[in-house]
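> sequence and predicted structure below; questions after.
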Amino acid sequence: MTSLINQTPAWRALEQHRQEMQSVAMRDLFASDPVRAETMRLSVAGLHLDYSKNLATPQTLALLFDLAETADVSGWIARMFAGEPINNTEERAVLHVALRNRSNRPIQVDGQDVMPGVNRVLERLEAFVGLVRSGEWKGFQGQSIRDVVNIGIGGSNLGPKMVCTALGAYGSNDLRVHFVSNVDGTHLLETLNDLDPARTLFIVASKTFTTQETMTNATSARDWLLAAARDPAAVAKHFVAVSTNAEKVSAFGIDTRNMFGFWDWVGGRYSLWSAIGLPIALAVGYERFVELLEGAFAMDEHFRTAPSAKNMPVVLALLGVWYANFWGARTHAVLPYDQYLRLLPAYLQQGDMESNGKGVTREGIAVDYTTGPVVWGEPGTDGQHAFYQLIHQGTQMIPADFIGAIKSHNELGDHHLKLMANFFAQTEALMRGRTTEEALAEMLNAGVPVERAQVLAQHRTFPGNRPTNSLLMERLTPFTLGALIALYEHRIFVQGVVWGINSFDQWGVELGKQLAGVILEELGEGRVVADHDASTRSLLNDFIRGRRA
Ligand SMILES: O=P(O)(O)OC[C@H]1O[C@](O)(CO)[C@@H](O)[C@@H]1O
């Protein structure tokens, strides 16, 4: 589609409908439709979604599905799964779905089935993980590996780190997995402090193998190892690489026999299913890693085949579009009521914001409507005691996803009941709100003097009508986690399709990288600089003088 989506009749119909929805209260929608909750729910791959607490009627949904059809969402889904080069600015296919294609259905890129290559890497991963976990893989002193340090950043860090944390219940203390991403030396040094070089394995994870932060950390880690081993041959026993760039891996000094490859059709932020997931397989075992892939595959199959109205990622994506483009929502909160999912919001920040933080369409036309939201969140119940005030009574709408499990991995007394009581109470409160009359009546019943109650009533009024989605799973397992991540990946994709943008490039991170390269040279030279804008110049010169002092 070359015209902007907001120029279409489907968009205009939604604008019109938005006016009609202005005074609709969600609590009335529930009151007038006794089967609302039953009709607005979906279950897929162990995930149960209740989307009835949204500012949406059957007509809203019908209009949103029209919008999806106008944007040709189903066509784009088919194109992605068919391996077409839908990442047009980089002329690449987008095939993270091939990495978890457990059916082995052939998927062609440039006339070649990618599945044999995917399976070969998986076999190599399985063998390697077996060696390390069984203790057969030995370090330079002939000892087994006790600590694994993944060195990577962005997609080469956030995904595996989030999944390792989420599957904490499946890990073991025999093999501890650490993640170093920040170029701040503190991150590496603090991590290495307690580690024994003879028993530490480094995974240098970088799609490009050129990323400044990762290469700097990898070089310092290699120095740390060699300071103890005093033999360059130790590198082969303590360093493996995950990359698409064999040449650079070899130039760094890692034997390419210790390299696990992936492909340019795997975007960094979609790569945890590839060999980038090696730390996951090391932490929880190869079989669990495969269960993660299977969960994602189940969601992929649903996404590929279900009609829009029954398609969980499509429904969630369209509701997000509804709030972003027709209600002025600028952010989207992800609120896991599960301590193991505490890194999910940070992971989704890259997944969503690097994907849909775009201002031009695939064809390069500037858009004049909102695209990707700011994604943020913290686990419940911590978030409740920090920022929920604004979600309940602030002046902006913040659509939120509540995610929780029916059974905890750590059933301790009534902790889980208390945790989930908060989950349900918050979504109910956000939907219902409390009218001024209700607030007043409550206070009067509690014996608050009339005058005082009247003063406080406004403060104790909750507007309600704040949209939430509730996602429940029986238990957080590798399978349900895989499905959950894939759900969000596809939600992001569908939103990108509706907005007409390319969700799979990330040119916006380049300029800062380029300028940092120039400034790094200047800092290295340590001479007073005369270039740059006045602000940057004085900051640089203060820094340079401060370093000399
Ligand atoms: O895996 P690499 O090539 O080191 O890249 C790391 C990250 O850097 C980016 O290119 C930009 O931040 C991300 O897209 C990517 O996940």
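Nice, I can see it. Residues are numbered from 1 along each chain as shown.

> would you mind naming what in the stretch 401-549 of the chain lies close to the ligand?
Contact residues, the stretch 401-549 of the chain versus the ligand (CB under 6 Å from any ligand atom): 506, 509. No exception for glycine: its C-beta is placed from N, CA and C like everyone else's.

> closest point of the stretch 401-549 of the chain to the ligand, which residue?
residue 509 (4.2 Å; CB to the nearest ligand atom).

> quick check: that residue touching residue 354?
Yes - contact status for residue 509 versus residue 354: in contact at 7.3 Å, counting by CB atoms under 8 Å.

> those two: who's more crowded?
Neighbour tally, residue 509 and residue 354, criterion other CB atoms under 10 Å: the higher count belongs to residue 354, 22 against 10.

> so residue 21 touches residue 55, yeah?
Yes - the criterion here is CB under 8 Å, and residue 21 meets it with residue 55 at 6.2 Å.

> now do residue 393 against the ligand, distance only.
36 Å (CB to the nearest ligand atom, to the nearest Å).

> and the pLDDT for that residue?
At residue 393, the model reports a pLDDT of 98.

> now could you export just the CA positions of stretch 350-361 as PDB?
Output in PDB follows, covering the C-alpha atoms of stretch 350-361 (Å, rounded to 0.1, in the frame of the first residue of the first chain):
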ATOM      1  CA  GLN A 350      14.000  -3.500  22.400                       C
ATOM      2  CA  GLY A 351      11.600  -5.900  20.700                       C
ATOM      3  CA  ASP A 352       8.900  -3.200  20.200                       C
ATOM      4  CA  MET A 353      10.700   0.100  20.300                       C
ATOM      5  CA  GLU A 354      13.600  -0.900  17.900                       C
ATOM      6  CA  SER A 355      11.000  -2.500  15.600                       C
ATOM      7  CA  ASN A 356       8.300   0.100  15.500                       C
ATOM      8  CA  GLY A 357      10.100   3.300  16.500                       C
ATOM      9  CA  LYS A 358       9.900   4.500  12.900                       C
ATOM     10  CA  GLY A 359       8.700   7.700  11.300                       C
ATOM     11  CA  VAL A 360       8.500   6.700   7.600                       C
ATOM     12  CA  THR A 361       6.700   4.000   5.800                       C
END
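
> need the three-state assignment for residue 334.
strand (DSSP: H, G, I helix; E, B strand; the rest coil).

> for it, which non-adjacent residue is spatially closest?
Closest residue in space to residue 334, ignoring its immediate chain neighbours: residue 377 at 3.9 Å, by CB to CB, 6 or more residues apart in numbering.

> can you get me a residue count around that neighbour?
Here the number of neighbours of residue 377 (other CB under 10 Å) works out to 25.

> so who does it touch?
333-336, 344-345, 383, 400 (CB atoms under 8 Å, 6 or more residues apart in numbering).

> ok, now with 10 Å
Applying CB atoms under 10 Å, 6 or more residues apart in numbering to residue 377 gives the contacts 331-336, 341-342, 344-346, 348-349, 383, 387, 398, 400-403.

> ok, it to residue 483 distance?
Applying CB to CB, to the nearest Å, the value for residue 377 to residue 483 is 19 Å.

> quick check: mean pLDDT of the helix or strand harbouring residue 132?
Using DSSP states H and E, residue 132 maps to helix 115-134. On average, the pLDDT along helix 115-134 is 98.

> pull the distance from it to the chain's centre.
How far helix 115-134 lies from its chain's middle: 25 Å, per CA atoms, centre = their mean, to the nearest Å.

> ok, stretch 465-482 next?
Relative to the centre of its chain, stretch 465-482 is centred 14 Å away, using CA atoms, centre = their mean.

> and the helix holding residue 132, which residues are buried?
Using 16 or more other CB atoms under 10 Å as the test for burial, helix 115-134 gives 115, 118, 121-122, 125-126, 128-129, 132-133.

> next one, pLDDT for the residue of the stretch 201-350 of the chain found nearest the ligand please.
Residue of the stretch 201-350 of the chain nearest the ligand, by CB to the nearest ligand atom: residue 268 (2.7 Å). We note a pLDDT of 98 for residue 268 in this prediction.

> without its sequence neighbours, what residue ends up closest to it?
Nearest residue to residue 268, sequence neighbours excluded (CB to CB, 6+ apart): residue 155, at 3.0 Å.

> surely that neighbour meets residue 273?
No - the pair residue 155 / residue 273 is not scored as a contact, 11.1 Å apart, by CB atoms under 10 Å.

> with neighbour numbers in mind, choose between these two.
For residue 155 versus residue 273, the count of surrounding residues by other CB under 10 Å is larger for residue 273: 28 against 25.

> can you list the domain ranges for the protein.
Domain assignment of the chain by the TED database yields the ranges 45-88+299-507, 109-290, 508-548.

> sorry, back to before: so what sits against both of residue 509 and residue 354?
Common neighbours of residue 509 and residue 354 (CB under 10 Å, 6+ apart) are residue 154.

> hang on, residue 349 packs against residue 158?
Yes - Residue 349 lies in contact with residue 158 (CB under 10 Å); the separation is 8.2 Å.

> those two: which has the busier surroundings?
Taking neighbours as other CB under 10 Å, residue 349 and residue 158 compare with residue 158 leading, 23 against 17.

> tell me the contacts of that one?
152, 179, 181, 268-269, 272, 343, 346-351.

> one more time with 7 Å, if that's ok
346-347, 350 (CB atoms under 7 Å, 6 or more residues apart in numbering).

> now it: how far from residue 415?
28 Å.

> and for residue 180?
Counting by CB to CB - residue 180 and residue 415 are separated by 32 Å.

> higher neighbour count, these two?
residue 180 (25 against 11).

> test my guess that the more buried one contacts residue 191.
Yes - using CB atoms under 7 Å, residue 180 makes contact with residue 191 at a distance of 5.2 Å.

> which neighbours do the two share?
Common neighbours of residue 180 and residue 191 (CB under 7 Å, 6+ apart) are residue 149.

> so which strand or helix has the nearest residue to residue 102 once chain neighbours are set aside?
Spatial nearest neighbour of residue 102, excluding adjacent residues (CB to CB, 6+ apart): residue 297 at 4.5 Å. Of the helices and strands defined by DSSP H and E, residue 297 is found in helix 286-305.

> ok, and what's touching that helix?
By CB under 7 Å, 6+ apart, helix 286-305 touches 44-45, 77, 81, 97, 100-102, 125-126, 129-130, 163, 167, 170, 273, 277, 280-281, 311-313, 477-483, 485-487, 490.

> at 6 Å instead, please
44-45, 81, 97, 100, 102, 126, 129, 170, 280-281, 313, 478-480, 482-483, 486-487, 490 (CB atoms under 6 Å, 6 or more residues apart in numbering).

> same question, stretch 353-369
Stretch 353-369 is contacted by residues 2, 6, 88, 269, 325, 371-372, 375, 492, 495-496, 500-503, 506 when judged by CB under 6 Å, 6+ apart.

> now stretch 482-495
Contacts of stretch 482-495 (CB under 6 Å, 6+ apart): 45, 47, 73, 292, 295-296, 298-300, 303, 313-314, 316-317, 320-321, 348, 352, 355-356, 503.

> show me which residues of the stretch 51-200 of the chain sit near the ligand.
153-156.

> and the furthest pair within the residues you listed?
Largest separation among those by CB to CB: 153 and 155, giving 8.3 Å.

> pretty sure residue 94 sits in a strand.
No - using three-state DSSP, the assignment for residue 94 is coil, not a strand.

> pretty sure it contacts residue 88?
No - if you go by CB atoms under 6 Å, residue 94 and residue 88 don't touch, sitting 10.3 Å apart.

> ok, the two, which is more surrounded?
residue 94 (23 against 14).

> quick one: contacts for that one?
Contacts of residue 94 by CB under 6 Å, 6+ apart are 80, 86-87, 504.

> counting neighbours, what do you get for residue 285?
Neighbours of residue 285 (other CB under 10 Å): 21.

> the residue of the stretch 351-500 of the chain found nearest the ligand: what secondary structure?
Using CB to the nearest ligand atom, residue 354 is the residue of the stretch 351-500 of the chain that sits closest to the ligand, at 5.8 Å. Three-state assignment for residue 354 (three-state DSSP): helix.
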